[in-house]
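K.L.:
Return atomic coordinates for the entry below.
(one chain, ligands or ions: 1)
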Amino acid sequence: MRGKVTGRSQGVPGVWDDGAVTPTTARTTAQTTAPRSATTLADLPLRDDLRGEVPYGAPQLHVPVVLNVNENPYPVAPEIVAEIASAVAQAAVGLNRYPDREFFDLRADLAAFLRTESGAELAPRQVWAANGSNEVMLHVLQAFGGPGRRALSFAPTYSMYPEYARDTLTTWVTGQRRDDFTLDVEHARAMVREHRPTVVLLASPNNPTGTALPPATVEAVLDEVAQLPHGAVVVVDEAYGEFRRAGTQSALDLLPDHPNLAVSRTMSKAFSLAGARVGYLAASEAFVDALRVVRLPYHLSAVTQAVARAALKHSATLLSTVAELRGRRDATVVWLRQQGFAVAESDANFVLFGGLEDRHAVWQGLLDRGVLIRETGPDGWLRVSIGTEPEMAAFRAALLDVLGRQEAPPEAPPEARQEARQGAVAEQ
Ligand code: PMP
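P.N.:
Reported below is the predicted structural model:
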C-alpha cells in the first residue's frame, strides 16, 4: 500500500478536505467527476475573515488501518443494530411531521445515563443535545460569544475550537499548556484576568494530548471568572471522558455549585456512534435555556433522536469496549516509551508521541504501509488512536519499519535488572 501526500493534513491555504491528500492507490471518499464551475470563491461575496480559510480536513482515506480520528474501532453489535433499525423504521412513519423540538425523552435518557456513569443527578432540562458535540459547542459560542467578546483556551488543544470562535465572530485567545501538557493554574488565572473572556473551553481529556484536568484546576478557573464583571461560562469538553483512568474525576461533580459550568460529552467515541452525530451537554437549566435560544428549530432529526434513544437502552453493552481500549491505550504508552519516544500521559482513546525529527515523513511512511494516523499537536509529535489489537500490531510494525528499527526488548522487571547489574560487577 503506497500513498503520496501533496499537502499537510491541515491548514494549507487552498487545499480542500478530501483534495488535501491524493494517494496514488488510496481512494478518497468523495472523488468528484462533475465538471468544475467556472465561478471561484474569489467571485463570491465571502466574509473577508473567511478568505483563505480551508474546511476541517482530517483525511478520509480507504486504507487498511485507520487510526486518525479517535473513533471506536468496534462496530455496534448486530442485535443493537437491529434495534436501532427498528427504531428508525418507527420514526420514519412520522417523518411527515417535524420532530420533537425539545427532545425531552432523549434528554431524560441522557440524564439517566450520566447518573449511571458518573453519579450525576440531573433533570432532563439540564441536558442539551445536538448533531455532535461540535454543534453543542457552536451553540455555546453562539449564545455566549459574539462580536467584541473573547473565547479562551489553552494550546495545544482541539483544532475546532478556533473555528467555533471564528464562525461566531468571537475573538479567539489561547494560553499555553506546560511542556507535559498539564495546565498551570496561575497561568490560567492570569489569562482570564488579562483577556476577560465570556467563554472558556477546557478539554479534559484534552485532544490531541490526552491530558485530563484535575477538578481543582477547573475550580480555579471558575473562581477566577467569577471575579470578572460580566462573568463567563466554562465548558469542560469531556468528549473522551469515559476513557479516563481510574481515579480521574469528571467535572460533572462540580455542576451543582456552578450554574455557569457545562460539561460536554459525545456518543461518537465510547458509544461507537460517530456516524450518528449525537453530542450532549449537562449544565444548569438557565445555561441550557440560552442554547435553546440560538439552536435552529428542529435541529435534531427524529431519526437521530430514535437512533440515540435505541442506543442508550444498551449503553452498558456499547460501553463494554471501553475497558479493553483503555488497557490497550496503556499498553501502547508503555510500548512507545520502550521504543524511546516521548509519550504524553493519556486518559483518552489515543496517544500523542513525540521526539520525531521529521514527523511528516513518519506520518507519510506509515500511510505508505497502510496505517493512517494524525499529524497534529506540536511539531515533532504524532497522534495515534487506539484500534483493535491487530490494528495496533500493524501500527507498531509499520512504525518500526519506517524508522528502520528493530523492536526494543521490553524492559526487564526491577529485580532482574538488579541481578544483571550485580552479575556485571562480578565479571569486571
Ligand atoms: N471535542 C473534542 C475534544 C474532540 O476531539 C471531538 C472530536 N474529535 C469533539 C469534541 C467533537 O466530537 P463530535 O462532534 O463527534 O461529538
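
K.L.:
which residues does Pro297 contact?
P.N.:
Counting by C-beta atoms under 8 Å, 6 or more residues apart in numbering, Pro297 touches Tyr98, Arg101. Every C-beta, even on glycine, is put in place using the N, C-alpha and C of the backbone.

K.L.:
Check the gap between it and Pro99 for me.
P.N.:
Per C-beta to C-beta, to the nearest Å, Pro297 is found 10 Å from Pro99.

K.L.:
go on, Phe144?
P.N.:
Per C-beta to C-beta, Phe144 is found 26 Å from Pro99.

K.L.:
More neighbours: which of those two?
P.N.:
Between Phe144 and Pro99, counted using other C-beta atoms under 10 Å, Phe144 has the larger neighbour count: 24 against 20.

K.L.:
can you give me the strands for the stretch 101-250 of the chain?
P.N.:
127-130, 150-155, 171-176, 199-203, 233-237 (DSSP state E, counting those that start in this stretch).

K.L.:
Which one of the residues in the stretch 1-150 of the chain is closest to the ligand?
P.N.:
Of all residues in the stretch 1-150 of the chain, Gly132 sits closest to the ligand, at 2.6 Å by C-beta to the nearest ligand atom.

K.L.:
What residues of the longest helix along the chain count as buried?
P.N.:
Assignment by DSSP state H gives helix 321-338 as the longest helix of the chain. Going by neighbour count (16 or more other C-beta atoms under 10 Å), the buried part of helix 321-338 is Thr321, Val322, Leu325, Arg326, Arg328, Arg329, Thr332, Val333, Trp335, Leu336.

K.L.:
How far off centre is that helix?
P.N.:
Taking the mean of its C-alpha atoms, helix 321-338 sits 18 Å from the chain's own mean (C-alpha atoms, centre = their mean, to the nearest Å).

K.L.:
Using PDB, write out every CA atom in that helix.
P.N.:
Below are the C-alpha coordinates for helix 321-338, written out as PDB (Å, rounded to 0.1, in the frame of the first residue of the first chain):
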ATOM      1  CA  THR A 321     -15.400  -1.900  24.700                       C
ATOM      2  CA  VAL A 322     -14.100   1.000  26.800                       C
ATOM      3  CA  ALA A 323     -12.200  -1.200  29.300                       C
ATOM      4  CA  GLU A 324     -10.400  -3.100  26.600                       C
ATOM      5  CA  LEU A 325      -9.500   0.100  24.700                       C
ATOM      6  CA  ARG A 326      -8.200   1.700  27.900                       C
ATOM      7  CA  GLY A 327      -6.000  -1.300  28.600                       C
ATOM      8  CA  ARG A 328      -4.600  -1.200  25.000                       C
ATOM      9  CA  ARG A 329      -4.100   2.600  25.400                       C
ATOM     10  CA  ASP A 330      -2.000   2.000  28.500                       C
ATOM     11  CA  ALA A 331       0.000  -0.800  26.700                       C
ATOM     12  CA  THR A 332       0.600   1.500  23.800                       C
ATOM     13  CA  VAL A 333       2.000   4.200  26.100                       C
ATOM     14  CA  VAL A 334       4.400   1.600  27.600                       C
ATOM     15  CA  TRP A 335       5.400   0.200  24.300                       C
ATOM     16  CA  LEU A 336       6.100   3.600  22.700                       C
ATOM     17  CA  ARG A 337       8.200   4.600  25.800                       C
ATOM     18  CA  GLN A 338      10.200   1.300  25.500                       C
END
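
K.L.:
mean confidence for it?
P.N.:
In this model, helix 321-338 carries a mean pLDDT of 98.

K.L.:
Can you tell me which helices and strands it packs against?
P.N.:
Judged by 3 or more C-beta pairs under 8 Å, 6 or more residues apart in numbering; DSSP states H and E, the packing partners of helix 321-338 are strand 342-343, strand 350-354, helix 389-402.

K.L.:
which of those sits most buried?
P.N.:
Of the helices and strands packed on helix 321-338, the one with the most neighbours on average (mean count of other C-beta atoms under 10 Å) is strand 350-354, at a mean of 26.

K.L.:
next one: the very next helix or strand once past that strand to chain centre, how far?
P.N.:
Per DSSP states H and E, the first helix or strand lying C-terminal to strand 350-354 is helix 359-368. The chain centroid and the centroid of helix 359-368 are separated by 22 Å, computed with C-alpha atoms, centre = their mean.

K.L.:
ok, now stretch 308-318?
P.N.:
Distance of stretch 308-318 from the chain centroid (C-alpha atoms, centre = their mean) equals 21 Å.

K.L.:
The ligand contacts on the stretch 201-350 of the chain?
P.N.:
Ala203, Asn207, Asp237, Ala239, Thr266, Ser268, Ala274, Gly279 (C-beta under 6 Å from any ligand atom).

K.L.:
Apply 8 Å and report the result again.
P.N.:
203, 205-208, 237, 239-240, 264, 266-269, 274, 277-279 (C-beta under 8 Å from any ligand atom).

K.L.:
Quick check: beta-bridge partners of the closest residue in space to Val234 that isn't next to it in sequence?
P.N.:
The shortest distance from Val234 to any non-neighbouring residue, by C-beta to C-beta, 6 or more residues apart in numbering, is to Val200 (4.6 Å). Counting by DSSP bridges, Val200 is bridged to Leu152, Val234.

K.L.:
where in the stretch 1-150 of the chain is pLDDT low?
P.N.:
The stretch 1-150 of the chain contains residues with pLDDT under 70 at 1-37.

K.L.:
Around the ligand, which positions in it sit nearby?
P.N.:
Within reach of the ligand by C-beta under 8 Å from any ligand atom, the stretch 1-150 of the chain has these residues: Val69, Asn70, Asn131, Gly132, Ser133, Asn134, Glu135, Val136, Met137.
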